[in-house]
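Peer 1: This is a predicted model, with the sequence first.
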Amino acid sequence: MVLRSCWKSRHKDSRPAHCWVRPVFAALLWLCVTQFGCSSGAVGEAKTVVQKDAEFDVTYNDTVTSENQTIYAFNHTVSRNKTEGVRVSVDVLSQASESPILFVVRQKQAVLSFQVPLILRGLYQRKYPYAHLGRTLCQPPARSASEIQYFFVDVSTLSSVGTNYQLRVSRVESFTLQTNKKFSFTASPSQPQYFKYVFPDGVDTVIVKVNSDVNFPCSVMSIQDIQCPVYDLDNNVAFIGMYQTITKKGAITVQRKDFPSNSFYVVVVVKTEDEACGGPLRFYPLRPDELIDAGNRSKPLDVLVSPAINSEVYVMGMLFCLGIFLSFYLLTLLVACLQNKRMKKKREVFLNPADMSPAETASLLGKNGDGKTPATPYEYGSFADNGSTLSSEAITDSATSTDNNYGYMAGHEPFKRRPILNHLHHIAVRIERSLDSIGRSRQESLSSVEEDDYDTLDDIDSDKNIVRTKKFLCVSDLARKDKRVLSKKYQIYFWNIATIAVFYALPVIQLVITYQTVVNVTGNQDICFYNFLCAHPLGALSAFNNILSNLGYVMLGLLFLLIILKRDIVHNRALVRNDINALECGIPKHFGLFYAMGTALMMEGLLSACYHVCPNYTNFQFDTSFMYMIAGLCMLKLYQKRHPDINASAYTAYACLAAVIFFSVLGVVFGRGNTAFWIVFSVIHILATLLLSTQLYYMGRWRLDSGVLRRMVFIIYTDSIRQCSGPMYVDRMVLLIMGNIVNWSLATYGLIERPNDFASYLLAIAICNLLLYFAFYIIMKLRSGERIQCLALVCILFTAVVWGFALYFFFQGLSTWQKTPAESREHNRDCILLSFFDDHDIWHFLSSIAMFGSFLVLLTMDDDLDTVQRDKIYVF
């Protein structure tokens, strides 16, 4: 009201505003009253303040109450060229937890305060009191060559009862760490330690290593910039800089570019509890405010700062990696040239038979004495003389002659290869047939032919049941479908995996970039499980060497694709010129699965590199997903070799692989110690094994419907009870029995042991089944009278040796996300190759070479059959 009346009066006339006098007078009166009251209170609560000139390395025993306050004044000379640390140690001799003693250290550019006893909180708000403290003061930089700096230690409390304490301030002579010189010290939760390191000239990167002889208590190493305050307590050490938990080993790579002052602090803090390092957790107190005695948590440690590798080592490592895998390109080119030269010589021998007699020449042309082409019993799966229909006599002959030629049957002679003249005679007969129908059929549009065209008639279906359930099968029995249709079918494998790769890789790349960004921004080195003793950064990447070593998968996968492309082109040219070997001899050539395998190998390299950007348990599936695909595609390719007509479609195969990856994710998330999950998975594993066994044994000629149990009982009754008869397909039964034993054993092991690394366990199942099937294939191939050519044999031996060395380096175990980050660092080791690559990098090198060799084995192992008719190649 006073202000409003004043405002009105000012606008009524221009006379001075006398209305302001009363409020100003009231304000002055209120100020005087309050100042008088405050002065009276200050007099009533007056403290005795005592200031003492104190000296270093002298222990002061004093008592403090709420009525007195002691100030200790220190001064010391600071030199710009020499840095000395100053450490304040405090002991409380009598406990007064309700009113602790407050120590305040006032420096020129910093203030440090702490209470004694110090209360540090652990997990679930547990409280641990510490009566003995030791803190290192932050050292402000000296502006001149030498100057005197002052600091004060204020001691006060609110307790009316006197509390005895001891104060000691001392110099830290070894405050600055020296390069390649180990320094030992002791730390505890209330007595953290930190030291300064200055980059020497010519050194841009160093590795700070902290070691201890004991696992516990758990500790933390931190790298912080030179600034005040220094965060050196358990509850604030993670605020700035880079940090990691430590049991016995710890290492952080530090780069000069991250510290403008060309120096940094190495801070070591002992944690109040060991749970972060995998240690036991203390009991929960009965009362929330109850203090827990922490006991003796002192830990002896030593720190060593050593220079890291320079840019020349980076260049050498990259050139070495490129050189190894480019040598495979040169070796492949050399082998291709030698093979082309040998093939040219063979063609010259066949086209210019200078040493053959006229009778042999007439025989090669397929003519009898009367000039007619003789009949041949090897017309199965080929065109008859008129070039339009299949020869039923040939089919009958093939079916009946199988028992007499099946090399691994007991009581029969092994398969003999026909002499070369008979083979050439057979070629001449085939050349004589009409090519018109072949030419017309090859001009048909691929889009007008579908796989189902051969399954629409009842007689064809009946014929499938007859052919596929014969006791002994030849490849020609399972290569009846049009090769153009099958080529389309198997090319879907490649296009599907290419699509999967794009949609799978892009989110993975985005995620690992986010992981790396979080590590760089927060400084939390516990997020990623590196081998910190051999982790060489480059740009934003923390472990560039682990990423570079995956280059082999990409380069060798690309090389395999080029090899397949060359073979595909050569085979297509042979089909165009109606080469009899390409049309009717050897294992049917379908390259779609090979293209998919090469693509999977390249994607394995890409995703393994993504995993090693920040390896941890949440993204380990990125490293294994395409391993599952590679194992599955290799088994499918082995089966396709002798079963081209009945191999699984791409959609079915990738759906099964998707289910495997789905269970891999579930196992990583829920599998640790979850008994219910392991029971469900083991049951599904066994049921899937039984269903696949049935599918393979009956060549797909069975149905999973409501009558399957009735048919199973009927077969058991007729074959085992009424008459004791053995299995019709003995070799298949042997393979499937062995496969069931292996898979049931793996399922039982998983149910009993419940391994933490579920993804590796799942991969072990896939690899065991692949190796079992591959061994069975090789054994049956040799039993059938077939042979392994020199190139394939060299590939097998070379691959086996490389796999052996690769597995040795794989099981070195430089880190593991199955344990805590601190426990994982106990397995870290120094680099062993060129000071740049560690054991796991060598595993990457060798495993990529071994996978490439395995693919070559699958590609070349049946090259000896390229001139053998398909009705003489046996199915197993």
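Peer 2: Arrived safely, thanks for sending.
Peer 1: So what's the residue count around Y504?
Peer 2: A count of neighbours around Y504, defined by other CB atoms under 10 Å, yields 18. Where C-beta positions appear, they are placed from N, C-alpha and C, glycine not excepted.
Peer 1: and the helix or strand containing it, average pLDDT?
Peer 2: Using DSSP states H and E, Y504 maps to helix 483-522. Throughout helix 483-522, pLDDT has a mean value of 92.
Peer 1: could we number from 16 for the rest of this?
Peer 2: All right, first residue 16 from here; so that's helix 498-537.
Peer 1: lowest confidence element among the helices and strands of the chain?
Peer 2: Here the helix or strand of the chain ranked lowest by mean pLDDT, DSSP states H and E is helix 407-420, holding a mean of 36.
Peer 1: Now the element after the host helix or strand of T667, going C-ward?
Peer 2: Taking DSSP H and E as the criterion, T667 maps to helix 665-685. As assigned by DSSP H and E, the chain's next helix or strand after helix 665-685 is helix 690-712.
Peer 1: what comes up buried for that following helix?
Peer 2: Residues F692, W693, F696, S697, H700, I701, T704, L707, S708, L711, Y712 are the ones in helix 690-712 that count as buried (16 or more other CB atoms under 10 Å).
Peer 1: between that helix and helix 665-685, how big is the angle?
Peer 2: Computed by axes from the mean of the first three to the mean of the last three CA atoms, to 10 degrees, the angle separating helix 690-712 from helix 665-685 equals 160 degrees.
Peer 1: Please name every helix or strand in contact with helix 690-712.
Peer 2: With contacts taken as 3 or more CB pairs under 8 Å, 6 or more residues apart in numbering; DSSP states H and E, helix 690-712 sits against helix 665-685, helix 745-768.
Peer 1: which helices and strands does the first one pack with?
Peer 2: Going back to what we said before, that points to helix 665-685. helix 498-537, helix 635-657, helix 690-712, helix 773-798.
Peer 1: one more time with 10 Å, if that's ok
Peer 2: helix 498-537, helix 607-628, helix 635-657, helix 690-712, helix 773-798 (3 or more CB pairs under 10 Å, 6 or more residues apart in numbering; DSSP states H and E).
Peer 1: which one of the ones you listed has the most crowded surroundings?
Peer 2: helix 607-628 (a mean of 25; mean count of other CB atoms under 10 Å).
Peer 1: Pull out the C-alpha coordinates of that one and format them as PDB.
Peer 2: Output of helix 607-628 as PDB, limited to C-alpha atoms (Å, rounded to 0.1, in the frame of the first residue of the first chain):
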ATOM      1  CA  GLY A 607      25.000 -72.800 -54.700                       C
ATOM      2  CA  LEU A 608      26.000 -74.200 -51.400                       C
ATOM      3  CA  PHE A 609      29.700 -73.500 -52.100                       C
ATOM      4  CA  TYR A 610      28.800 -69.900 -52.800                       C
ATOM      5  CA  ALA A 611      26.900 -69.800 -49.500                       C
ATOM      6  CA  MET A 612      29.800 -71.300 -47.600                       C
ATOM      7  CA  GLY A 613      32.200 -68.700 -49.000                       C
ATOM      8  CA  THR A 614      29.800 -65.900 -48.100                       C
ATOM      9  CA  ALA A 615      29.400 -67.300 -44.600                       C
ATOM     10  CA  LEU A 616      33.200 -67.400 -44.100                       C
ATOM     11  CA  MET A 617      33.500 -63.700 -45.100                       C
ATOM     12  CA  MET A 618      30.600 -62.800 -42.700                       C
ATOM     13  CA  GLU A 619      32.300 -64.800 -39.900                       C
ATOM     14  CA  GLY A 620      35.300 -62.500 -40.300                       C
ATOM     15  CA  LEU A 621      33.200 -59.400 -40.300                       C
ATOM     16  CA  LEU A 622      31.100 -60.400 -37.200                       C
ATOM     17  CA  SER A 623      34.100 -61.700 -35.400                       C
ATOM     18  CA  ALA A 624      35.700 -58.300 -35.900                       C
ATOM     19  CA  CYS A 625      32.600 -56.600 -34.600                       C
ATOM     20  CA  TYR A 626      32.600 -58.900 -31.500                       C
ATOM     21  CA  HIS A 627      36.200 -58.000 -30.800                       C
ATOM     22  CA  VAL A 628      35.400 -54.300 -30.900                       C
END
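Peer 1: what distance separates it from the middle of the whole chain?
Peer 2: Helix 607-628 has its C-alpha centroid displaced from the chain centroid by 12 Å (CA atoms, centre = their mean, to the nearest Å).
Peer 1: got it, and stretch 744-759?
Peer 2: 32 Å.
Peer 1: can you check stretch 94-110 too?
Peer 2: That offset, for stretch 94-110, works out to 47 Å (CA atoms, centre = their mean).
Peer 1: now stretch 209-222
Peer 2: Distance, centroid of stretch 209-222 to centroid of chain: 32 Å (CA atoms, centre = their mean).
Peer 1: Quick check: buried residues in that stretch?
Peer 2: Across stretch 209-222, burial judged by 16+ other CB under 10 Å covers Y209, F210, K211, Y212, F214, T220, V221, I222.
Peer 1: Please narrow those to those residing in strands.
Peer 2: Here DSSP state E is the test, and the buried residues of stretch 209-222 give Y209, F210, K211, Y212, T220, V221, I222 as lying in strands.
Peer 1: Now flag whichever of these is closest to D289.
Peer 2: Y209 (21.5 Å; CB to CB).
Peer 1: my guess is the closest one contacts P244, does it?
Peer 2: No - contact between Y209 and P244 fails when scored by CB atoms under 10 Å: they sit 11.2 Å apart.
Peer 1: Common neighbours of these two, please.
Peer 2: C153 (CB atoms under 10 Å, 6 or more residues apart in numbering).
Peer 1: quick one: which of the helices and strands packed on helix 665-685 is nearest W759?
Peer 2: In terms of CB to CB, the element of those nearest to W759 is helix 690-712, at 6.3 Å.
Peer 1: how big is the angle separating that closest one from helix 773-798?
Peer 2: Using the same axes, to 10 degrees: helix 690-712 against helix 773-798 is 20 degrees.
Peer 1: Now do the phi/psi pair for G265.
Peer 2: phi -160, psi 140 (degrees, to the nearest 10).
Peer 1: That one bridge partners, please.
Peer 2: V225 (DSSP bridges).
Peer 1: For the chain, give me the ranges with low pLDDT.
Peer 2: Along the chain, the parts satisfying pLDDT under 70 run over 16-61, 110-112, 299-301, 303, 364-486, 715-723, 727, 730-732, 734-741.
Peer 1: what residues are up against the residue positioned nearest the centre of it?
Peer 2: For the chain, D638 is the residue whose C-alpha lies nearest the centre (CA atoms, centre = their mean; 3.5 Å). Neighbour list for D638: N565, E619, L622, S623, A624, C625, Y626, H627, P630, A774, S775, L778 [criterion: CB under 10 Å, 6+ apart].
Peer 1: how about those in CSV, adding distance to T151?
Peer 2: As requested, the contacts of D638 are exported to CSV (distance: CB to CB, whole Å):
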residue, distance to T151
N565, 43
E619, 50
L622, 46
S623, 44
A624, 42
C625, 42
Y626, 40
H627, 37
P630, 35
A774, 45
S775, 45
L778, 49
